[in-house]
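Trainee: using only what follows, build the 3D model:
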Amino acid sequence: MMIYRSRFLLCALLLVLTVSAGCFPMKSPERLKKCTSIEDALKIAGEVQFVCLDNSSLARIPAAELATMPKLVKLSARKTRIEAIDPGIGDLKGLSCLDLSQTGIREVPESIGKMSKLRQLYLSDNGLQGLPAGIGDLASLQYLNLDRNKLVRLPPEAGKLVNLRWLRLNGNQLTELPAWIGNLVNLERLYLGWNRLRDLPVEAGKLVKLTDLDLRNNELTALPLCVLQLQNLSRLDLDANKLTKLPDDIRKLTKLKVLSLTGNMLPEAEKDRIERILPDCQIIF
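Mentor: Next up is the predicted model:
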């Protein structure tokens, strides 16, 4: 045992000496060059990569000024009161991340579709009642957060977002999901809590990469049958619906690790049955 320990300590010492000698230079992760005001950003317009205007008194997005910053990849104006988005924002074609959460905006301009490199779009906690058709042109989009708006429907063009991996629609006014949801074949996480859904379309069963599905606080009286086709599902939240039983075929979800069912109308006998057919799943009643 002492021999092995000595060898381990020797190897560790050699690694430290090698790194110290510069053979494996250790670098901290590269950070974006950031400014917290437009004025400061304009001073280094050719270098700034991230403009953060969170919690400021900003009343509009200065799109023309931002368009003079060729390296700009991230823009955040969270918790401002811009209320409307300048259509010129579409000229910020280098952006990969845009955060306009909690700004009071009620619509998104069609020009947003020009932002072909956008990968993350945060629009939560606003007053959006709809989305423009141009949203479907965001071919690089992987993350879309629309939580806590006033959406009653989604445009068919959004079915073109085939690279989307994470879609958040919690706290809207959706009564149904469109059939095109099945086109989002790379989707891994889908959050639909606090809506008015009574079912899901059969096409949702095509979301074979889905690992997380949140359906809490809806109006489900039965588990949508399409859910049984989601073979990679590991987390399923069905809290606060109107369920009285689950189908036997839920046992087919062999990768399911967490199933939450609080706030439903499940009899004790049904709870016992669910635990028997899903012995390797953590079930929360």
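Trainee: quick one: the helices in the stretch 1-150 of the chain, in order.
Mentor: 2-20, 38-43, 63-66 (DSSP state H, counting those that start in this stretch).
Trainee: domains for the protein, by residue range?
Mentor: 33-164, 198-285 (automatic domain parsing).
Trainee: what's the closest of these to R189?
Mentor: domain 198-285 (4.2 Å; CB to CB). Where C-beta positions appear, they are placed from N, C-alpha and C, glycine not excepted.
Trainee: that closest one: end-to-end distance?
Mentor: 21 Å (CA to CA, to the nearest Å).
Trainee: just stretch 155-166 next, same as before
Mentor: 17 Å.
Trainee: tell me the buried residues in it?
Mentor: For stretch 155-166, burial by neighbour count (16 or more other CB atoms under 10 Å) applies to 157-161, 164-166.
Trainee: gap between that stretch and the chain center?
Mentor: 12 Å (CA atoms, centre = their mean, to the nearest Å).
Trainee: got the contact list for that stretch?
Mentor: Contact with stretch 155-166 is made by 130-144, 178, 180-181, 183-189, as judged by CB atoms under 8 Å, 6 or more residues apart in numbering.
Trainee: what do you get for stretch 263-280?
Mentor: 238-246, 248, 250-251, 256-257, 259, 261, 283, 285.
Trainee: filter those residues down to the buried ones and hand me the ChimeraX line.
Mentor: Per 16+ other CB under 10 Å, the buried members of the contacts of stretch 263-280 correspond to this ChimeraX selection:
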select :238,239,240,241,243,246,250,251,256,259,261
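Trainee: among the contacts of stretch 263-280, name the ones in helices.
Mentor: Among the contacts of stretch 263-280, no residue falls in helices (DSSP state H).
Trainee: now the end-to-end length of stretch 227-247.
Mentor: First residue to last in stretch 227-247 (CA to CA) measures 11 Å.
Trainee: hang on, the earlier thing: would you list the buried residues of stretch 155-166 in TSV and tack on distance to L58?
Mentor: Supplementary listing: these in TSV, determined by distance: CB to CB, whole Å:
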residue	distance to L58
E157	29
A158	28
G159	33
K160	31
L161	28
L164	28
R165	30
W166	27
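Trainee: so where's the stretch 1-150 of the chain uncertain?
Mentor: The model of the stretch 1-150 of the chain has pLDDT under 70 over residues 1-30.
Trainee: where along it do the strands fall?
Mentor: Per DSSP state E, counting those that start in this stretch, the stretch 1-150 of the chain carries strands over the ranges 34-35, 50-52, 74-76, 97-99, 120-122, 143-145.
Trainee: which other helices and strands does the fourth one contact?
Mentor: Helices and strands in packing contact with strand 97-99 are listed as strand 74-76, strand 120-122; criterion 3 or more CB pairs under 8 Å, 6 or more residues apart in numbering; DSSP states H and E.
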